[in-house]
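> Please find the sequence and the predicted model below.
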Amino acid sequence: MTTHDLLVVGAGPVGMALALALKDSGLDVVLADARPAEATAADPRVLALSHGTRLTLERLGVWQALPATPIDTIHVSQQGGFGRTLIHATDYGVPALGHVAAAGALAAALRQAIDHAGISVLDETEVRSLTPADDGVTIELAGRHAGSRRALLAVCAEGSINADPTETMSRDYGQHALIAMVHATGAARGTAFERFTPAGPVALLPCGEAYALVHVASPQQADTLLALDDSAYLARLQAHLGTRISLTAVSERLRYPLGLRVRRSPVGARTVWLGNAAQTLHPVAGQGFNLALRDVWALADTLLRHPGDPGAPATLTAYARSRSADRFGTVRFTDTLVRLFSNDLPPLRHLRGAGLFALDMLPPLRHFVAKRMMFGARAWP
């Protein structure tokens, strides 16, 4: 039976980033993915990449090959209330607060680097089961590379959380996200908008010549919005955003339910969970993929600092401990934003306005929020 040091379940951006981070480690790493090699490059989603994520992608050698649109200003406001704040990249000596890139383009750049590094990918191969034991994990594969393999460590970097409720924290926000591309005029290039409404946040992220839209609403409101023709929908969206930007066109709208689901521990017996398999967050403030990439870099660093058996309990405990503050700090940050801003209670509306005003007037407070968005709960590097 073939034995590897690491078998990574999922050759999406998270799994491929981990394999690249370990390419010079001397560890035998293999990825398995149920999809054909070209499938991830067709991912239609758009990702908000923080400045910290850009630094990591530069270290992995894929940034130069990635088409990405810089965000140099973030405009945060609320509908129907006073207060707004502006966050500028120039205040922090960085070229951009973050970037916006197509998930498919990122996957293509990572796969090119994976192939160039000679890292093995078992395409069209489904991982049917993982059976951990004291000395390794037995993996049953189906599809193109069907059979049994063993690994010292299995890293699950694909799919949703499938765990006992006692092992997870969850919250149903009662919200759906509509995503689309919109065209607009009137705003300075490189400006991203985060507009909080009673139903949920509306975000516009500069993406090439257009904007990536994330429009959060209740399930019932989402039904209504999807039934509108483009002109009527743009009028409804324009009413949310006010006069700061003028919307001119919108692409097909897609819909996703939103919730919070987090594994209390990202490690188990000879197993680590990364990305959505470890935590699924609300898209407010665009923290999901950025948190996942910080997890990737920390896991690679832990494995390098603990040579030998990568699945040893002490090694996995060290990784989990190193990630606790950032994981749960980011979860609390996004969860608090959703619950504080997704309602129309007058006392909270005034409190939100005061908070946004304070962010604008108090640089240390604004810097704290900006650094968290760029680098997570622990400012790094």
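All right, it came through fine.
> Next up, the contacts around the one residue sitting closest to the centre of the chain.
Closest residue to the average C-alpha location of the chain: residue 289 at 1.8 Å, with C-alpha atoms, centre = their mean. By C-beta atoms under 8 Å, 6 or more residues apart in numbering, the contact set of residue 289 is 13-14, 47-49, 53, 275. The C-beta positions use only the backbone N, C-alpha and C, and glycine is treated the same way.
> roughly how far apart are it and residue 266?
16 Å (C-beta to C-beta, to the nearest Å).
> likewise residue 7?
17 Å.
> related to what we said a few turns ago, separate out the buried members of the contacts of residue 289.
Neighbour counting by 16 or more other C-beta atoms under 10 Å classes 13-14, 47-49, 53, 275 among the contacts of residue 289 as buried.
> Give me the subset of these lying in strands.
Residues of those located in strands (DSSP state E): 47-49.
> just to revisit the earlier point, now the contacts of residue 289 as a markdown table including distance to residue 77 and pLDDT?
Putting the contacts of residue 289 into a markdown table (distance: C-beta to C-beta, whole Å; pLDDT from 0 to 100) gives the following:
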| residue | distance to residue 77 | pLDDT |
| --- | --- | --- |
| 13 | 31 | 96 |
| 14 | 32 | 97 |
| 47 | 23 | 91 |
| 48 | 18 | 89 |
| 49 | 23 | 92 |
| 53 | 25 | 93 |
| 275 | 31 | 94 |
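> buried stuff in stretch 174-184?
For stretch 174-184, the neighbour count (16+ other C-beta under 10 Å) marks 175-182, 184 as buried.
> wait, what's in contact with residue 221?
residue 199.
> who's in contact with residue 25?
300, 303-304.
> out of residue 7 and residue 266, which sits in the more crowded spot?
The residue with more neighbours, out of residue 7 and residue 266, is residue 7; 26 against 22, by other C-beta atoms under 10 Å.
> Give me the phi and psi for the closest residue to the more buried one other than its chain neighbours.
Nearest residue to residue 7 in three dimensions, chain neighbours excluded: residue 151, at 4.0 Å (C-beta to C-beta, 6 or more residues apart in numbering). When read as degrees, to the nearest 10, the backbone of residue 151 gives phi -140, psi 150.
> Surely residue 151 and residue 2 touch.
No - in this structure, residue 151 is not within contact of residue 2 by C-beta atoms under 8 Å, at 9.3 Å.
> So between these two, which is more surrounded?
More crowded of residue 151 and residue 2, by other C-beta under 10 Å: residue 151, with 26 against 13.
> what sits against the nearest residue in space to residue 45 that is not next to it in sequence?
Of all residues not flanking residue 45 in the chain, residue 103 sits nearest, at 4.2 Å (C-beta to C-beta, 6+ apart). Residues counted as contacts of residue 103 (C-beta under 8 Å, 6+ apart) are 13, 40, 43-47.
> Which single one of those residues is nearest to residue 143?
residue 40 (16.1 Å; C-beta to C-beta).
> any idea how far residue 109 is from the closest one?
As judged by C-beta to C-beta, residue 40 and residue 109 stand 11 Å apart.
> Kindly report the same for residue 304.
Distance from residue 304 to residue 109, by C-beta to C-beta: 23 Å.
> With neighbour numbers in mind, choose between these two.
More neighbours surround residue 109 than the other of residue 304 and residue 109, with 24 against 15 (other C-beta under 10 Å).
> Distance to residue 319 for the contacts of residue 289 - can I get that in JSON lines?
JSON lines is the format used below for the contacts of residue 289 (distance: C-beta to C-beta, whole Å):
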{"residue": "13", "distance to residue 319": "20"}
{"residue": "14", "distance to residue 319": "15"}
{"residue": "47", "distance to residue 319": "24"}
{"residue": "48", "distance to residue 319": "25"}
{"residue": "49", "distance to residue 319": "23"}
{"residue": "53", "distance to residue 319": "19"}
{"residue": "275", "distance to residue 319": "15"}
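> now, which of these sits nearest residue 296?
Among those, residue 14 lies closest to residue 296 (C-beta to C-beta), at 6.2 Å.
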